[in-house]
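> Pasting a predicted model and its sequence here:
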Amino acid sequence: MPSATRYIGRLLRVLIGSLCLAALTPGYALDYPLRPVTLVVPFTPGTGIDIIARTLAQRLSVQWAQGVVVDNKPGASSNIGTEFVAKAPADGYTLLVTATSFATNAAINSHLLYDPEKSFAPVAVLANGTLSLVTSPANRAQSVQALVSFAKAAPGRLNYGSSGNGTPQHLTMELFKLEAGVQITHVPYKGTAGAVNDLLGGRLDAMFIPVNTALPYVQQSQLRMLAVLAPERMAVVPTVPTMKESGYPGVQVGSWYALLAPAGTPAAIIARLNTDVNNQIAAPEVHAILEKQGFAPLAGPPARLADLIHTELARWPRVVAAAGIHAD
């Protein structure tokens, strides 16, 4: 009888050990998700990041046979939705689809209610977009060099628009000003649409906007594209030079999009999410949707996103300090 008791005890210890080991492996997350998953987008519906999130949600819901809901929580330069996810349960059912502003906000606001690195677990990089420097045809500048010359001849007379104080568009122009040694006056808006309208009307001189946003206006000669902020020229605008070709290699800024989970989310769930998201991003149908919007689909392990965020967090404080930018 004692031997039988010892045998049962040993068997229980083995079973408990096996369960603990399984909990540490990706295979343990094969039953995830068991209920609907929410993708929080800290921007308004219809934006580029919203399109990425909804494309991903639709395909993952089919793969998982489980609902995947996109919840738009805009406001405070994306901090409202980001903070919401930072405080959500770390169970894989509330995730954040974020963008470049995730890093730029940290450079501007020292009083965030979350830590950009410690409060989140990287899941996957989703896509990358390219910014372009555009001017109104009312502005005489036909090149980046000409724009710089005009700005140096009349410091502060030229102006530029952005989608708001501290946004990537704002910081990119401040980086350009820093590299070029010019003064161009910032006019912040409450979104990209208003700024683009005033650029079209000649009330603004220049602006950094995504290539896909600028392209229809450029094709109709309503805007002039001076440069793209990509490593190489782009097939959609082959005659437009890069910033590097224009003499400013340090002004190479991309708009990136990524998926994050609350810190403490089990490693097995992160691994499952990374695998499934990467597979969806690699699908030809998703490639076609994203490329139509001007995005380059990306993929990779969570470490790739961790490195990207770390690099971006280190990049922008210099620009913010030089420009004297403060949170509203």
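Perfect, thanks for sending it.
> what distance separates stretch 56-68 from the middle of the whole chain?
Centre-to-centre, stretch 56-68 and its host chain are 22 Å apart (CA atoms, centre = their mean, to the nearest Å).
> So which bits of that stretch are buried?
For stretch 56-68, a neighbour-count test (16 or more other CB atoms under 10 Å) marks 56, 57, 59, 60, 61, 64, 68 as buried. (Each C-beta comes from the backbone N, C-alpha and C, glycine too.)
> how about that stretch as CSV, C-alpha atoms only?
The C-alpha coordinates for stretch 56-68 follow below in CSV (Å, rounded to 0.1, in the frame of the first residue of the first chain):
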residue,chain,number,x,y,z
LEU,A,56,-5.9,41.8,-40.0
ALA,A,57,-9.0,41.4,-37.8
GLN,A,58,-11.1,40.0,-40.7
ARG,A,59,-8.6,37.4,-41.6
LEU,A,60,-7.7,36.4,-38.0
SER,A,61,-11.4,36.0,-37.2
VAL,A,62,-11.7,33.4,-40.0
GLN,A,63,-8.5,31.6,-39.0
TRP,A,64,-9.4,31.5,-35.3
ALA,A,65,-13.2,30.9,-35.8
GLN,A,66,-13.5,33.6,-33.2
GLY,A,67,-14.5,37.2,-33.3
VAL,A,68,-11.8,39.9,-33.7
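> And for that stretch, what's in contact with it?
33-39, 69-70, 97, 126, 259, 276-277, 280-281, 283, 286 (CB atoms under 8 Å, 6 or more residues apart in numbering).
> next one: stretch 191-208
Contacts of stretch 191-208 (CB under 8 Å, 6+ apart): 44, 131-139, 141, 147, 158-164, 169, 172-173, 176, 184, 187, 189, 209, 213, 217, 222-223, 226, 229, 253.
> one more time with 7 Å
131, 133-136, 138-139, 147, 158-163, 169, 172-173, 184, 187, 189, 209, 213, 217, 222-223 (CB atoms under 7 Å, 6 or more residues apart in numbering).
> are any of the residues you listed buried, and which?
For the contacts of stretch 191-208, buried by 16+ other CB under 10 Å: 131, 133-136, 139, 147, 158, 160-163, 169, 172-173, 184, 187, 189, 209, 213, 217, 222-223.
> In strands, which of those appear?
In this view, these that belong to strands under DSSP state E are 131, 133, 134, 135, 160, 161, 162, 187, 209.
> quick one: which two of the residues you listed are the most distant?
By the measure CB to CB, 131 and 187 form the most distant pair in those, at 17.7 Å.
> Not counting sequence-adjacent ones, nearest residue to residue 141?
residue 147 (3.9 Å; CB to CB, 6 or more residues apart in numbering).
> Can you verify my assumption that residue 319 contacts residue 176?
No. When contacts are counted by CB atoms under 7 Å, residue 319 is not listed as touching residue 176 (9.7 Å).
> Sketch out the helices for the stretch 101-250 of the chain, chain order is fine.
Along the stretch 101-250 of the chain, counting by DSSP state H, counting those that start in this stretch, helices occupy 101-108, 144-153, 168-180, 192-200, 211-219.
> Of the buried residues of stretch 56-68, which pair is most distant in space?
Every pair of the buried residues of stretch 56-68 checked by CB to CB; the farthest is 56 and 64, at 11.7 Å.
> who's in contact with the residue most central in space within the chain?
Residue closest to the average C-alpha location in the chain (CA atoms, centre = their mean): residue 99, at 1.7 Å. Neighbour list for residue 99: 49, 255, 256, 257 [criterion: CB under 7 Å, 6+ apart].
> and it, what are its phi and psi?
phi -140, psi -170 (degrees, to the nearest 10).
> now residue 71
phi -120, psi 110.
> neighbours of it, just the number please.
Counted by other CB atoms under 10 Å, the residues lying close to residue 71 total 15.
> Beta-bridge partners for it, please?
In this entry, residue 71 is beta-bridged to residue 40, by DSSP bridges.
> Let me see the ranges of the strands in this structure.
With DSSP E as the criterion, the chain has strands spanning 37-41, 68-72, 94-99, 120-135, 159-162, 185-188, 206-210, 224-228, 254-262, 295-297.
> Switch these over to TSV, and while doing so, append distance to residue 84 and mean pLDDT to every line.
Listed next are the strands of the chain as TSV, based on distance: least, CB to CB, whole Å; pLDDT from 0 to 100:
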stretch	distance to residue 84	mean pLDDT
strand 37-41	6	98
strand 68-72	9	97
strand 94-99	8	97
strand 120-135	12	95
strand 159-162	25	95
strand 185-188	25	94
strand 206-210	25	93
strand 224-228	34	97
strand 254-262	10	93
strand 295-297	25	89
